[in-house]
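K.L.:
what follows is a predicted structure for the sequence shown.
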Amino acid sequence: MSELSAALETIQPELLAMTRLFGLPDAYWDPPARYRMQTEELPEIYRITFTFENLSAAREAAIPSDPDPRVQQLHRRRAARRLCKQTLYNLLRKMTGMHPPWGSLTGVRPTHLMLEALAEGLSPEAAVERLVRDYDVTLPKAELLAEIAAVQRQLPAPGDAFMDVYIGIPFCTTRCAYCSFSSGEIGDGRLVAPYMEALEREIRACAPLISSTGRSLRALYVGGGTPTALPEKEFHHLLSLIRECFPNACETTVEAGRPDTLSREKLRAIREAEISRISINPQTMNDRTLQVIGRAHTAQQVRDAYALAREEGIPHINMDVIAGLPGENEADFDCTLAEAVRLHPESLTVHTLAIKRSSRMSLENAPLPDGDMTARMVTRGLKTARTLGMVPYYLYRQKYMAGNLENTGYALPGHACLYNVDMMEETSHILALGAGGISKKIFPEEGHIERAPNVANIQEYITRVDEMIQ
Ligand code: SF4
């Protein structure tokens, strides 16, 4: 088998993702496949041709070389796969006449390419030009990446001397219709005590790893789930455990996503524990939509929670909103954004609805705004963030996003969340504790990451915690 064919052996899922980008059926790949791929390995050149009926697209790329055979193999594999995807992309553009906002990029982290270009010494303008020319990314999206990269380069640098910590609390009051996390409804709360006991065991066993490996704690993130869904007693115990085991974090976030899980006592405890950042997420300020998506709280409860958090002196509140929710149009999204302006969070994350197969909404087939309307909502989100004086600081994409768009985090200057950046750019070691957490050890020089996932099922986590610690 040639080097080029070997590099493309497992590329089929990425090619499928590419055809979905253009809304074409997966069945085109079923044997006998209607797309035909031809590969050629010439001296110093890879060439790939895709054909579909009487249309075809061909592209070539130089074969990379490097004195280190391992690095060379990695670069060649990457170049071959990029070439293959870009060639199919060119064919699909010819077939449909469509221009997806992110061009031929199907990955989760498009910011990587921008940072890579800047690290090679390209100017931001030249890096934008490369993304537009080589990947057909639309100019506004490429410029958004350049702006994000500029903000990220001003943040304290991560690296081998640091480690982030993630703690997962997999309970929510109800399950959102679009949720694809493994979190469970807290229900009668019978799993809370055994879960928290297992988690404390894992925290106490693993926290010393930071100093024993000679590293410092950078960012601590308590997510889930909704950590504030815990009963008062367990919530207060968790905060004191965090203070005891993870002092001196540069930044600490506690997700308080559902406004109906907050009380004055919890907010006071958050303040006293010197938590630097919380997240209160309306997703929409439209009561009808909140019901449809199963959030079980009202827009008024969001307003009340913000007022209470301000009264208790919480220094940084993040707000998440979602563009493209079922039954919503631009006017509905504008109402949500107008409320965001009134509540004035320190950071705002504009998500695009992504309906994964494991979510309830995918089963119910809820009517959704189309991709063009969702794209206009996302643009309005960006304008609102700018009105609030915020800058974009991180961005990621997911599968099955409406309009093939993106999620973008905006923050007031000096309020970018380090954990969000580290997580998305994969630039920091992460020690993840609790059900569903995935610890990561990064090897930046090799461009390699080792992952150690905990089991996601709550009951299984409780019984297998010692194995997780191991
Ligand atoms: S709040 Fe988040 S984790 Fe909880 S059900 Fe909704 S989407 Fe899932």
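P.N.:
The structure has been received and is ready for your questions. Residues are numbered from 1 along each chain as shown.
K.L.:
ok, His236 - contacts?
P.N.:
Residues near His236 by Cβ atoms under 8 Å, 6 or more residues apart in numbering: 265, 269. For every residue, glycine as well, the C-beta is placed using N, CA and C.
K.L.:
for it, what is the enclosing helix or strand?
P.N.:
Using DSSP states H and E, His236 falls within helix 232-245.
K.L.:
likewise Val350?
P.N.:
Taking DSSP H and E as the criterion, Val350 maps to strand 347-352.
K.L.:
ok, the residue lying closest to Thr106 once chain neighbours are set aside - how many residues close by?
P.N.:
Distance criterion Cβ to Cβ, 6 or more residues apart in numbering; nearest residue to Thr106, sequence neighbours excluded, is Ala17 at 4.6 Å. Ala17: 15 surrounding residues under other Cβ atoms under 10 Å.
K.L.:
swap in the one 3 residues further on?
P.N.:
Using other Cβ under 10 Å as the criterion, Arg20 is surrounded by 15 other residues.
K.L.:
same question for Leu353.
P.N.:
Neighbourhood size, Leu353 [other Cβ under 10 Å]: 26.
K.L.:
shouldn't it be in contact with Val321?
P.N.:
No - between Leu353 and Val321 there is no contact under Cβ atoms under 8 Å: 10.7 Å.
K.L.:
quick revisit: hmm, Leu105 and the residue nearest to Thr106 touching each other?
P.N.:
No - applying Cβ under 8 Å, one finds Ala17 not in contact with Leu105, separated by 10.4 Å.
K.L.:
give me phi/psi at the most centrally placed residue in the chain?
P.N.:
Nearest to the mean C-alpha position of the chain, by Cα atoms, centre = their mean, lies Tyr396 at 4.9 Å. Backbone torsions for Tyr396, taken as degrees, to the nearest 10, come to phi -150, psi 160.
K.L.:
contacts only, for it.
P.N.:
Tyr396 makes contacts with 108-109, 111, 406-407, 424, as judged by Cβ under 8 Å, 6+ apart.
K.L.:
what about the helices in the stretch 351-470 of the chain?
P.N.:
Taking DSSP state H, counting those that start in this stretch, the helices of the stretch 351-470 of the chain run over residues 360-364, 371-387, 418-425, 458-463, 465-469.
K.L.:
I'd like to know which of those lies nearest to Tyr28.
P.N.:
Minimum separation from Tyr28 across the helices of the stretch 351-470 of the chain (Cβ to Cβ) falls at helix 371-387, 20.1 Å.
K.L.:
can you point out the buried residues in the closest one?
P.N.:
371, 373-378, 380-382, 384-385 (16 or more other Cβ atoms under 10 Å).
K.L.:
do the same with stretch 99-119
P.N.:
By neighbour count on 16+ other Cβ under 10 Å, the buried set for stretch 99-119 is 100-106, 108-115, 117-118.
K.L.:
what does stretch 147-167 give?
P.N.:
Buried positions in stretch 147-167, judged by neighbour count with 16+ other Cβ under 10 Å: 148-149, 151-152, 158, 162-167.
K.L.:
circling back: relative to the whole chain's centre, how far out is the helix holding His236?
P.N.:
Its chain's C-alpha centre and that of helix 232-245 lie 27 Å apart, by Cα atoms, centre = their mean, to the nearest Å.
K.L.:
downstream of that helix, the next helix or strand is which one?
P.N.:
Sequence order places strand 251-255 as the next helix or strand after helix 232-245, per DSSP H and E.
K.L.:
then that next one to PDB, C-alphas only?
P.N.:
Written as PDB, here are the backbone C-alpha positions of strand 251-255 (Å, rounded to 0.1, in the frame of the first residue of the first chain):
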ATOM      1  CA  GLU A 251      -8.900  31.400  38.200                       C
ATOM      2  CA  THR A 252     -11.800  29.400  39.600                       C
ATOM      3  CA  THR A 253     -15.200  28.900  37.800                       C
ATOM      4  CA  VAL A 254     -18.300  27.300  39.200                       C
ATOM      5  CA  GLU A 255     -21.200  26.600  36.800                       C
END
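K.L.:
so for the helix or strand where Glu125 lies, mean pLDDT?
P.N.:
In this assignment (DSSP H and E), Glu125 forms part of helix 124-135. The average pLDDT within helix 124-135 is 96.
K.L.:
on the C-terminal side of that helix, identify the next helix or strand.
P.N.:
Elements were assigned by DSSP H and E; along the chain past helix 124-135, the next helix or strand is helix 139-152.
K.L.:
which strands or helices does that following helix pack on?
P.N.:
Using 3 or more Cβ pairs under 8 Å, 6 or more residues apart in numbering; DSSP states H and E, the elements in contact with helix 139-152 are helix 111-119, helix 124-135, strand 391-396.
K.L.:
now these in CSV, with distance to the ligand?
P.N.:
Shown next, in CSV, are the helices and strands packed on helix 139-152 (distance: least, Cβ to the nearest ligand atom, whole Å):
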stretch, distance to the ligand
helix 111-119, 23
helix 124-135, 31
strand 391-396, 16
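K.L.:
turn those into TSV, including distance to Glu244.
P.N.:
Converted to TSV, the helices and strands packed on helix 139-152 look like this (distance: least, Cβ to Cβ, whole Å):
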stretch	distance to Glu244
helix 111-119	35
helix 124-135	44
strand 391-396	30
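K.L.:
what about these, which gets the closest to Leu220?
P.N.:
Nearest of those to Leu220, taken as Cβ to Cβ: strand 391-396 at 17.4 Å.
K.L.:
what residues of that closest one count as buried?
P.N.:
By 16+ other Cβ under 10 Å, the buried positions in strand 391-396 come out as 391-396.
K.L.:
residue contacts, the nearest residue to Gly214 once chain neighbours are set aside?
P.N.:
Closest residue to Gly214 apart from its sequence neighbours, by Cβ to Cβ, 6+ apart: Ala161 at 7.8 Å. Taking Cβ under 8 Å, 6+ apart, we find Ala161 in contact with 214-216.
K.L.:
same deal with Asp466?
P.N.:
Arg201.
K.L.:
and the contacts of Ala161, which are buried?
P.N.:
When the contacts of Ala161 are checked for burial by 16+ other Cβ under 10 Å, the buried set is Arg215.
K.L.:
now, the contacts of Ala161 that are in strands?
P.N.:
Counting by DSSP state E, the part of the contacts of Ala161 found in strands is Ser216.
K.L.:
what residues does Arg93 make contact with?
P.N.:
Contact partners of Arg93, counting by Cβ under 8 Å, 6+ apart, are 22, 99, 136.
K.L.:
pLDDT score for the closest residue to the ligand within the stretch 1-150 of the chain?
P.N.:
In the stretch 1-150 of the chain, no residue comes nearer to the ligand than Val108, which is 17.8 Å away by Cβ to the nearest ligand atom. Val108 carries a pLDDT value of 90.
K.L.:
I figured it hits Met401, correct?
P.N.:
No - look at Val108 against Met401 with Cβ under 8 Å: they stay out of range, at 10.5 Å.
K.L.:
can you get me a residue count around Glu197?
P.N.:
11.
K.L.:
check which helix or strand covers it.
P.N.:
Per DSSP H and E, Glu197 falls inside helix 192-206.
K.L.:
ok, now Thr39?
P.N.:
Assessed by DSSP H and E, Thr39 sits inside strand 35-42.
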